[in-house]
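Engineer: Below is the sequence, then the predicted model.
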Amino acid sequence: MATTSPPTPDYVMGLMRGVIDPELGSDIVELGMAKGATVTDDGWIRLQIDLTTSGCPLRAQIQKDIRARLTSLPGVTRVTIDWGELTQDERSEAMAKARFNVSQNAPDTSIPSTTKVVMVASGKGGVGKSSITTNLAAALAEQGYAVGVMDADIWGFSVPRMLGVDGELVSKDGKIQPLVREIGTGRLEVVSMGFLVDQENSALMWRGLMLNRAVQHFCQDVAWPSDLDYLLIDMPPGTGDVQMGLAKMLPRAEMLIVTTPALNAQKVAARVADMGAKNYLRIVGVIENMSEFVAPDGSRHSLFGEGGGQQLADDIGAPLLGQVPIEPAVSVNGDQGDPAALGETP
């Protein structure tokens, strides 16, 4: 009676291209995790699989997928998996490949393809990121542009108050309708979690998956108008789930980093820039906020240190686009919903 020949090592490795790392979203061969296979004449397949970490919680799932693809093959009598761990360089290369693949296969959104999307980000809270976002949006609208503002700072939403936009988000034809404020010959189209809570001081007790779902709705289920020139996204501070989720959903977006002259703000802002670069986002530049205080007599005082913005720009290879001094009208006008960029302040 004829016996069935076992598969070749090349055939086995080809099957491994169907095994997807659940976290990275790419196959284990492309990621360099499947190092090779040997097959004996009596059908014993032996695989070397190196994971990103030795304690990878998804190891059982990967193992189950591998065995499901191999154990039922004709001529296979046994499957052995030798587990290892990628080196630091291999792990970095695998992550880079995974991020690039994600950037090339972004999900569909309702944001027009002609819209310039800018993520306004910071490493830590309290540097004036939302103030920069709202004043930049208002200034662009005053010049006649249609400007969308997405308040993705889910926990610390402040955009509605700072732009003087109030109301509730409603749905029409299955799409969330942004709230609109006309400014000069332009307009603002705003969405925020602040429009979905009863009171501005209500706390949102949400965790990663719910947060990602909220910003996914803002990207996919909002009726962003077809003539939208800009979409400014007020990002949460840091490099958490929301930031990484948006980077994956909007790979063509650009990132504007806001920092202060203080060294500690500059250091954490560098991590945000690194997150953006690793997700293939273009870092358009750095804004140094609260750069100095100019007294009525014209004297200048660097209350938070000097040089943090320029140092960050040099470190990440992006231009320093501007330095914004401490201006009381920015805070006062923001509290009143009247961005200082629309007034006669310096």
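Structural biologist: Received, thanks. It should be emphasised that the depicted structure is a prediction, and the values quoted were computed from it without experimental measurement.
Engineer: Strands of the stretch 201-346 of the chain, start to end?
Structural biologist: Taking DSSP state E, counting those that start in this stretch, the strands of the stretch 201-346 of the chain run over residues 230-234, 254-259, 282-294, 300-301, 320-326.
Engineer: Mean pLDDT lowest where, among those?
Structural biologist: Between those, the one with the least mean pLDDT is strand 300-301; it has a mean of 78.
Engineer: who does it pair up with?
Structural biologist: For strand 300-301, the paired strands and their directions (DSSP bridges) are strand 282-294 (antiparallel).
Engineer: Could I get the buried residue list for the strand it pairs with?
Structural biologist: 283-292 (16 or more other CB atoms under 10 Å). The way it works is simple: take the backbone N, C-alpha and C, and place the C-beta from them, glycine included.
Engineer: Columns distance to L342 on top of these, output as CSV?
Structural biologist: Formatted as CSV, the buried residues of strand 282-294 follow (distance: CB to CB, whole Å):
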residue, distance to L342
I283, 28
V284, 23
G285, 23
V286, 24
I287, 18
E288, 22
N289, 18
M290, 20
S291, 21
E292, 23
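Engineer: Quick check: closest non-adjacent residue to T109.
Structural biologist: C219 (4.4 Å; CB to CB, 6 or more residues apart in numbering).
Engineer: what's the one you found in contact with, if anything?
Structural biologist: 109-111, 150, 246, 249-250 (CB atoms under 8 Å, 6 or more residues apart in numbering).
Engineer: how about the helices in the protein?
Structural biologist: Along the chain, the segments classed as helices by DSSP state H run 9-16, 59-70, 88-104, 129-142, 159-163, 208-220, 241-249, 263-278, 308-316, 328-335.
Engineer: And those: which comes nearest A121?
Structural biologist: A121 lies closest to helix 263-278 among the helices of the chain, at 4.9 Å (CB to CB).
Engineer: helices or strands up against the closest one?
Structural biologist: helix 88-104, strand 116-121, helix 241-249, strand 254-259, strand 282-294, helix 308-316 (3 or more CB pairs under 8 Å, 6 or more residues apart in numbering; DSSP states H and E).
Engineer: if you set the cut-off to 6 Å instead, what comes out?
Structural biologist: strand 254-259, helix 308-316 (3 or more CB pairs under 6 Å, 6 or more residues apart in numbering; DSSP states H and E).
Engineer: Report the distance from the last one to the chain centre.
Structural biologist: Taking the mean of its C-alpha atoms, helix 308-316 sits 21 Å from the chain's own mean (CA atoms, centre = their mean, to the nearest Å).
Engineer: residues making contact with stretch 44-63?
Structural biologist: Contacting residues not belonging to stretch 44-63 are listed as 12, 22-23, 33-39, 70, 76, 78-86, 91 [CB atoms under 6 Å, 6 or more residues apart in numbering].
Engineer: residues in contact with I20?
Structural biologist: Taking CB under 6 Å, 6+ apart, we find I20 in contact with D27.
Engineer: Kindly recompute the last result at 10 Å.
Structural biologist: Taking CB atoms under 10 Å, 6 or more residues apart in numbering as the criterion, I20 is in contact with 26-28, 30-31, 61-62, 65.
Engineer: and what of S92?
Structural biologist: Contacts of S92 (CB under 10 Å, 6+ apart): 86, 278.
Engineer: which regions of the protein lie under the pLDDT threshold?
Structural biologist: Residue ranges of the chain with pLDDT under 70: 1-3, 103, 106, 155-156, 197-212, 239-241, 335, 344-346.
Engineer: got the domain boundaries for the protein?
Structural biologist: Listed by automatic domain parsing, the domain ranges of the chain are 9-104, 116-342.
Engineer: Out of those domains, which one sits most buried?
Structural biologist: domain 116-342 (a mean of 19; mean count of other CB atoms under 10 Å).
Engineer: That one: how far from the chain's middle?
Structural biologist: 13 Å.
Engineer: What separates the first and last residues of stretch 218-237, distance-wise?
Structural biologist: Distance across stretch 218-237, first residue to last, is 18 Å (CA to CA, to the nearest Å).
Engineer: quick one on the thing from earlier: in CSV: the helices and strands packed on helix 263-278, plus distance to L228.
Structural biologist: Converted to CSV, those look like this (distance: least, CB to CB, whole Å):
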stretch, distance to L228
strand 254-259, 15
helix 308-316, 28
